[in-house]
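Asks: Turn this into a model:
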Amino acid sequence: MAVYFLRCKHISRGKGSRATRAAAYRAGERIRDERTGEVYDHSDRRDVAYKEVVLPSDLTGQPDMAWTQDRSVLWNAAEHAGLRCNSRLAREWLMFLPPELTSEQRTRLARAFAAELADKYRCAVDVAIHTPRPGADPRNHHAHMLMTTREVTPDGLGRRTTLELGGKERHHLGVTHSTRDQYIAIRERWAQVTNEALQHAGLTVRVDHRSLQSQGINREPTPTVPEKVFYAERRLGAPSVAGDEIRQRYSERLEARSKGSDELTRVLTKQRAQLKEGAQQKRSPAQSQTRWGGLTREQRNEKRRERYQARRAAEKLDSVGEAKRREAKRLQWRQRMQRDPEAVTEARRQWRRAHAEEVNRKQREYRKAHAQELASKRREYRKTKSQQAQLPDRTQSADLKLPKPPRAVTAEESAKRWMAYRDKSGPGPTAEDSARNWLASRERQSLSDPTKPTKPPTHEQGRATDDDDADRKSRRPQRDHEYEP
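Replies: From the prediction side, this is the model:
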């Protein structure tokens, strides 16, 4: 009987997956990963009934798209397109094919669904149909569809498909449907194309993508045994502990369903709590931390600061790299200053005004934490200044030349100098001239500022005007009162 099964998963580099390895295993080929140099050879597989790389209908058969038909080229391009350490390299769809259909009908069904995915998301879909292996369930006909997470173009892989976009990117591009809505729509579409294939084959069986509860069927769903548990039990030929726990929980739910909905709700709540507790116990302390979305803004900022400090501590260990980073910062700052120095200065002023309290607090904390060091530096500075102020001793160095003491000037020399100055400068103003100059200066001051009180004349003002005094100073020889060497 046909059973509905459709599962989606990512081929993510963050989980250690490789798009080249996944394509080689599903298509049964030998592919070399050019990024890592590893070779994945699965060419000895005999259960691959059909394989093909399906493109959008408008690109199919074009000569420029021939590169997509080589799986090694296609999936190496996907590996190189993912630049981050946790990039999503591909998306895989795994679905069961009805065993009631013939091999040709199953191939037609899988290819039609792959063509719809390629046309809708403008990507390449690598289809591989597997037949049941010897010793396995003979009804296990299934298909693997490996989608590129980026659109295919004649020039290579382009932007990411709408199925891989985040909320902000969807909003900018005007995509109204979320990823969850698209996933549900794809599940529904697979049920529709499967039922159409069954109807064309003249069969009455149908599949439904909805849950039993949504269909109104009061029946316990068949439990799903993980692949690792299933293959381990088949290899050992005996049940495992994990498999026994799954079957025991299933039997408990069956018994609770027969007693009523209240008992079933109680059992389901208890089993979920037990599974959650067991998962937390198995996790390491680092994995059991609160998720990023559950943190407050303060907690996120604190974690950002911790990461920044750890990164800076690691960067400082590399002296060459640290010097290059500092030089790049200096160059960037110089360029900003050359473009608009006033804007940079004003931004710094605004920042200081806005963070004045924080800056002062940090300065107080720094002075308090480094009090002894700062005091020691101040003592050394004062000691150095005092040593420089003192005259050097002759005995310390024979090359040092001390300044000569000033020589006393005799009365005769002073008289000669005065006579020479008088002959050069001429006689000074008389008493009448000085009085007239003083009165004129006082009148000018009163006219310039009437409210300002007039100062009494001084001895210097009574002798000469400002112009005469300046003229005499210009003619007077400049003497330095410091010691001459």
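
Asks: where does the stretch 351-485 of the chain have low pLDDT?
Replies: For the stretch 351-485 of the chain, residues meeting the criterion pLDDT under 70 lie at 391-408, 448-485.

Asks: what kind of secondary structure is Met145 in?
Replies: Judged by DSSP: H, G, I helix; E, B strand; the rest coil, the three-state class of Met145 is strand.

Asks: In contact with it, which residues?
Replies: Counting by C-beta atoms under 8 Å, 6 or more residues apart in numbering, Met145 touches Glu92, Trp93, Leu94, Met95, Ala110, Phe113, Ala114, Leu117, Val125, Asp126, Val127. Backbone N, C-alpha and C define where each C-beta goes, glycine included.

Asks: with those in mind, which one is nearest to Arg330?
Replies: Glu92 (49.3 Å; C-beta to C-beta).

Asks: just to revisit the earlier point, what remains of the contacts of Met145 if I keep only buried residues?
Replies: Glu92, Trp93, Leu94, Met95, Ala110, Phe113, Ala114, Leu117, Val125, Asp126, Val127 (16 or more other C-beta atoms under 10 Å).

Asks: out of these, who's nearest Arg46?
Replies: Using C-beta to C-beta, Val127 comes nearest to Arg46 of the buried ones among the contacts of Met145, at 18.1 Å.

Asks: ok, for that closest one, nearest residue in space, not its chain neighbours?
Replies: Spatially, and ignoring its direct neighbours in sequence, Val127 is nearest to Ala114 (4.7 Å; C-beta to C-beta, 6 or more residues apart in numbering).

Asks: Am I right that that neighbour is in contact with Val54?
Replies: Yes: when contacts are counted by C-beta atoms under 8 Å, Ala114 is listed as touching Val54 (4.3 Å).

Asks: Filter the buried ones among the contacts of Met145 down to just the ones in strands.
Replies: The strands, defined by DSSP state E, take in Glu92, Trp93, Leu94, Met95, Val125, Asp126, Val127 from these.

Asks: ranges for the strands of the stretch 1-150 of the chain?
Replies: Along the stretch 1-150 of the chain, the segments classed as strands by DSSP state E, counting those that start in this stretch run 6-12, 30-32, 39-41, 48-54, 88-96, 125-130, 142-148, 150-153.

Asks: Tell me which of those lies nearest to Pro63.
Replies: strand 150-153 (13.8 Å).

Asks: List the buried residues in the closest one.
Replies: The neighbour-count check on strand 150-153 (16+ other C-beta under 10 Å) flags Arg150, Glu151, Val152 as buried.

Asks: helices and strands around the next helix or strand after it, which ones?
Replies: The first helix or strand that comes after strand 150-153 along the chain, using DSSP states H and E, is strand 156-160. Applying 3 or more C-beta pairs under 8 Å, 6 or more residues apart in numbering; DSSP states H and E, we find strand 156-160 packed against helix 71-81, strand 150-153.

Asks: What strands line up against the shortest one, and which way round?
Replies: Read it as strand 150-153. strand 156-160 (antiparallel) (DSSP bridges).

Asks: How about the partner strand, which residues are buried there?
Replies: Within strand 156-160, the residues scored as buried using 16+ other C-beta under 10 Å are Leu157, Arg160.

Asks: tell me the mean pLDDT over it?
Replies: What strand 156-160 shows for mean pLDDT is 92.
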